[in-house]
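*Asks:* Just the structure for this:
(chains A and B)
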Amino acid sequence: MKKTPPPVLNAQTSPIADLSYRGYNGPLKLHAVRWWVVALYTIRRARRSVGFWVLTGVCALSYLFHALGFYFQHNLSSLSPSMHQVFAQTLFSVMNGSLNEYAVMGIALLLGAGSIAADNRANALMVYLARPITRTDYLAGKWSGLFLILYSVIAIPSILYCLTAMTAFSDMHILQQDHWVFVHILLAALFPAVVLTSLILGISAWSKSAFSAGALFASIYILSNTIAGILGMVLFRKQPDKANLLSHCSLSGLMDAFAQRVFHFNMKQPMLGRGPFAFTDTPPVLLRYSLIPALVIVVLCLLAAHQRIRAVEIVKG
Amino acid sequence: MIELQRVSRWYGQVIALNDVSFSLQGGITALLGPNGAGKSSLLKLVTGQIRPTTGQVQVLGKQPFANQWVYARMGYCPELETTYDDLTGREFVNLMARLAGIRGAECTRRVAEVIEKVGMNQAADRKMGGYSKGMRQRIKVAQAIVHQPQVLILDEPFNGLDPVARRDMAQLLLELAGAGCGILISSHILYEVEHLTHNILLLHKGRLLAQGDIYTIRALIDKHPHSIVLETDKPRTAAQKLIEMESVLSVALNRQRPFEIKLETHSPERFYADLPDLVLQQGLQIQSLYSPDNNLEAVFNYLVQG
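*Replies:* All right, here's what the predicted structure looks like:
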């Protein structure tokens, strides 16, 4: 008589069940540090990205370029109090100059756009969140991984630049002029890293793909910079104070405003209709004008991301 | 191990699960049902990804939703692709092991062990972007068992596997279940499931249609008489005598297979008890005897199609 055989109990054909199976009872990491696993994998994956290394190279180039520029300025002009202003301006440029700023934005876009969107699309959240980690752990891991990368890319060239200047131009007594220069660098680097990381993760969590997240992030970044810059320049003749404030109403402007406040120097702004080389000194705006909007962006983006992180099936097609 | 008490789950106006109650102990249980039956919703409830609208879900005695204690003791292999193309299989399993809290050398050892168990030793260090569907499936199973879960939830684990890999996977699941790991497996490949377990849960339109041993369930379906196929050297004599038996409802000869008789009975136990006497009295030689609808597919069809 043909009949489906009953299932065997184990690989051997022993009728006695092998009840040797045990749940894992080896050493376990503390739950509190499991977010670090996600952060570590974010960093590891970034290390494999060619684009990341190209953009990091651009940041390094920016450092070399400014260091060289400062070297010539220092050697061509006699040492004067304004040289310290030039140093601060160059240090600011190493951190927030256009080249560096867009390279850092590019890294945030490259690594952050797909960070949650791609996990969502790949249904990876289903396996992530079936592990003993919470949504907060997952978000904290993603955030810290990207933050550490951006922070390093901004802070390390600036510290190197500062160290180079201190070694090569000991006559400037940089540390005597600003005892807290390294703290200021670390502080100024914190701001763009926190804002960009939070913004891109917030967008990524709500996007269907890395591409749409990247496009939205780049649009917000570039459009806000362009509009605020143009409005600032247009209003400059009539209401210079408001124009200065308005020119900081962009992502880049907020970062500039914060860095300017930290390093205490006047930034050169182009003047519309006065020729290509017409610049004016603009004083730093009050700290609250950069901190409050940034705080709002960070909190809103993180809350939005946290809300969106769910183990749901995304069916492709 | 897994217990649902009057569980319903609504998605807006749509009901995915309707007043489902069951209790599963160890071993392998197959979760069956046509598309849209509510299998995925049930697995999501059991894996703690969603909350029931009403009722109570318990896994290992605790409610699973957002429960880290349960997650640490449960392995989950979803049906859909959940892998990263730029990671190697080993890295992916390693990541999942570390997320489960396993660390250091123990983690490396466990990862190597499960990769070998699922037969991915050769390809473990290749990027998953180049994996076939079957390889991805095996890696997904590896990540589900890397932390030695007490409960293993597998959604369509045989999808995309070639016959050899299917056999190996079935063997692995039997080994795990035999050693004490509770397994809930959702599959539409009834033949594979039948070889793994006779214990089923059958969902249809959000309701639990049947639960328990496949043969017990079949015996309870009175609406459809049991078919039995018998092959003998004297089919016409046998047919004549068989129709006289009280337990037999109909007898049919097969033109294509002249030695085969197909009969229907409402009482298979009585038929099997009476058959030896008939064989001895008539001096019949029985070449084969089997029941074509005493299998999972037939039971599934009878229950779902009515």
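*Asks:* any low-confidence regions in the stretch 151-300 of chain A?
*Replies:* Within the stretch 151-300 of chain A, the segments meeting pLDDT under 70 span A:172, A:174-175, A:236-237, A:240-241, A:243, A:267-280.
*Asks:* let's see 90
*Replies:* Counting by pLDDT under 90, the stretch 151-300 of chain A contains low-confidence ranges at A:154-185, A:187-189, A:208-210, A:224-291.
*Asks:* Residue B:18: neighbour count?
*Replies:* Applying other C-beta atoms under 10 Å in any protein chain shown, we find 16 residues neighbouring residue B:18. All C-beta spots, glycine's among them, are computed from the backbone N, C-alpha and C.
*Asks:* Pull the number of nearby residues for the residue nearest to it when sequence neighbours are not counted.
*Replies:* Sequence neighbours aside, residue B:206 is the residue nearest to residue B:18 in space, at 4.2 Å (criterion: C-beta to C-beta, 6 or more residues apart in numbering or on different chains). For residue B:206, the count of nearby residues is 21 (other C-beta under 10 Å).
*Asks:* for residue B:206, what are its contacts?
*Replies:* B:15-18, B:20, B:37-38, B:41 (C-beta atoms under 8 Å, 6 or more residues apart in numbering or on different chains).
*Asks:* Roughly how far does it sit from chain A?
*Replies:* 18 Å (C-beta to the nearest C-beta, to the nearest Å).
*Asks:* how about low-confidence regions in the stretch 51-200 of chain B?
*Replies:* In the stretch 51-200 of chain B, residues with pLDDT under 90: B:51, B:65-73, B:77-87, B:99-106, B:117-124, B:128-138, B:147-150, B:155-182, B:186-200.
*Asks:* can you tell me the distance between the two ends of stretch B:216-232?
*Replies:* Separation of the first and last residues of stretch B:216-232 by C-alpha to C-alpha, to the nearest Å is 28 Å.
*Asks:* By neighbour count, which bits of it are buried? Give me those.
*Replies:* Neighbour counts over stretch B:216-232 (16 or more other C-beta atoms under 10 Å in any protein chain shown) mark B:217-218, B:224-232 as buried.
*Asks:* Ok, stretch A:145-160 next?
*Replies:* In stretch A:145-160, counting by 16+ other C-beta under 10 Å, buried: A:145-151, A:153-159.
*Asks:* for stretch B:245-260, same thing?
*Replies:* B:245, B:247-248, B:251, B:259-260.
*Asks:* before we move on, what about stretch B:127-137?
*Replies:* Of all the residues in stretch B:127-137, those buried under the rule 16+ other C-beta under 10 Å are B:127-128, B:131, B:134-137.
*Asks:* Next step: these restricted to helices.
*Replies:* Under the assignment DSSP state H, the buried residues of stretch B:127-137 contribute B:134-137 to helices.
*Asks:* between those, which is closest to chain A?
*Replies:* residue B:136 (11.1 Å; C-beta to the nearest C-beta).
*Asks:* Just to check, the closest one is in contact with residue B:81?
*Replies:* Yes: counting by C-beta atoms under 8 Å, residue B:136 touches residue B:81, with 6.5 Å between them.
*Asks:* so what sits against both of those two?
*Replies:* By C-beta under 8 Å, 6+ apart, no residue touches both residue B:136 and residue B:81.
*Asks:* Kindly format the C-alpha coordinates of the strand or helix carrying residue A:109 as PDB.
*Replies:* Applying DSSP states H and E as the criterion places residue A:109 in helix A:98-121. Taking Å, rounded to 0.1, in the frame of the first residue of the first chain, the C-alpha atoms of helix A:98-121 are listed here in PDB:
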ATOM      1  CA  SER A  98      31.800  75.900  -1.700                       C
ATOM      2  CA  LEU A  99      34.000  73.000  -2.900                       C
ATOM      3  CA  ASN A 100      34.000  71.400   0.500                       C
ATOM      4  CA  GLU A 101      30.400  72.200   1.200                       C
ATOM      5  CA  TYR A 102      29.200  70.500  -2.000                       C
ATOM      6  CA  ALA A 103      31.500  67.500  -1.500                       C
ATOM      7  CA  VAL A 104      30.100  67.000   2.000                       C
ATOM      8  CA  MET A 105      26.600  67.400   0.600                       C
ATOM      9  CA  GLY A 106      27.500  64.900  -2.100                       C
ATOM     10  CA  ILE A 107      28.700  62.400   0.500                       C
ATOM     11  CA  ALA A 108      25.500  62.900   2.500                       C
ATOM     12  CA  LEU A 109      23.500  62.300  -0.600                       C
ATOM     13  CA  LEU A 110      25.500  59.300  -1.800                       C
ATOM     14  CA  LEU A 111      25.400  57.500   1.500                       C
ATOM     15  CA  GLY A 112      22.300  58.800   3.100                       C
ATOM     16  CA  ALA A 113      19.700  58.800   0.300                       C
ATOM     17  CA  GLY A 114      19.500  55.100   0.100                       C
ATOM     18  CA  SER A 115      20.200  54.500   3.800                       C
ATOM     19  CA  ILE A 116      16.600  53.800   4.800                       C
ATOM     20  CA  ALA A 117      14.900  54.000   1.400                       C
ATOM     21  CA  ALA A 118      17.000  51.100   0.100                       C
ATOM     22  CA  ASP A 119      16.400  49.000   3.200                       C
ATOM     23  CA  ASN A 120      12.700  49.600   2.800                       C
ATOM     24  CA  ARG A 121      12.800  48.700  -0.800                       C
END
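*Asks:* distance between the helix or strand following it and the chain's centre?
*Replies:* The helix or strand immediately downstream of helix A:98-121 is helix A:124-128, counting by DSSP H and E. With C-alpha atoms, centre = their mean, to the nearest Å as the basis, the distance from the averaged C-alpha position of helix A:124-128 to the chain average is 25 Å.
*Asks:* in its sheet, what does whichever helix or strand residue B:21 is part of sit against?
*Replies:* According to DSSP H and E, residue B:21 maps onto strand B:14-24. Note on strand B:14-24: by DSSP bridges, its sheet partners are strand B:2-11 (antiparallel).
*Asks:* Which parts of the partner strand count as buried, going by neighbours?
*Replies:* Those would be B:2-4, B:7, B:9, for strand B:2-11 by 16+ other C-beta under 10 Å.
*Asks:* For chain B, which segments count as helices?
*Replies:* Under DSSP H, chain B gives helices at B:39-46, B:68-72, B:89-99, B:104-117, B:133-145, B:163-178, B:190-196, B:214-220, B:235-243, B:268-282, B:296-305.
*Asks:* Closest one to residue A:52 out of the buried residues of stretch B:245-260, please.
*Replies:* Of all those, residue A:52 sits closest to residue B:260, with 69.7 Å by C-beta to C-beta.
*Asks:* Now do the closest one against residue B:228, distance only.
*Replies:* Using C-beta to C-beta, to the nearest Å, residue B:260 is found at 11 Å from residue B:228.
*Asks:* hang on, the earlier thing: can you put the buried residues of strand B:2-11 in JSON lines and add pLDDT?
*Replies:* Converted to JSON lines, those look like this (pLDDT from 0 to 100):
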{"residue": "B:2", "pLDDT": "90"}
{"residue": "B:3", "pLDDT": "91"}
{"residue": "B:4", "pLDDT": "91"}
{"residue": "B:7", "pLDDT": "91"}
{"residue": "B:9", "pLDDT": "90"}
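*Asks:* quick check, nearest of those residues to residue B:179?
*Replies:* For the buried residues of strand B:2-11, the nearest to residue B:179 is residue B:2 (18.2 Å; C-beta to C-beta).
*Asks:* what's near enough to touch that closest one?
*Replies:* B:23-24, B:46, B:57-59, B:151, B:182, B:184.
*Asks:* Buried ones among those?
*Replies:* B:24, B:46, B:57-59, B:151, B:182, B:184.
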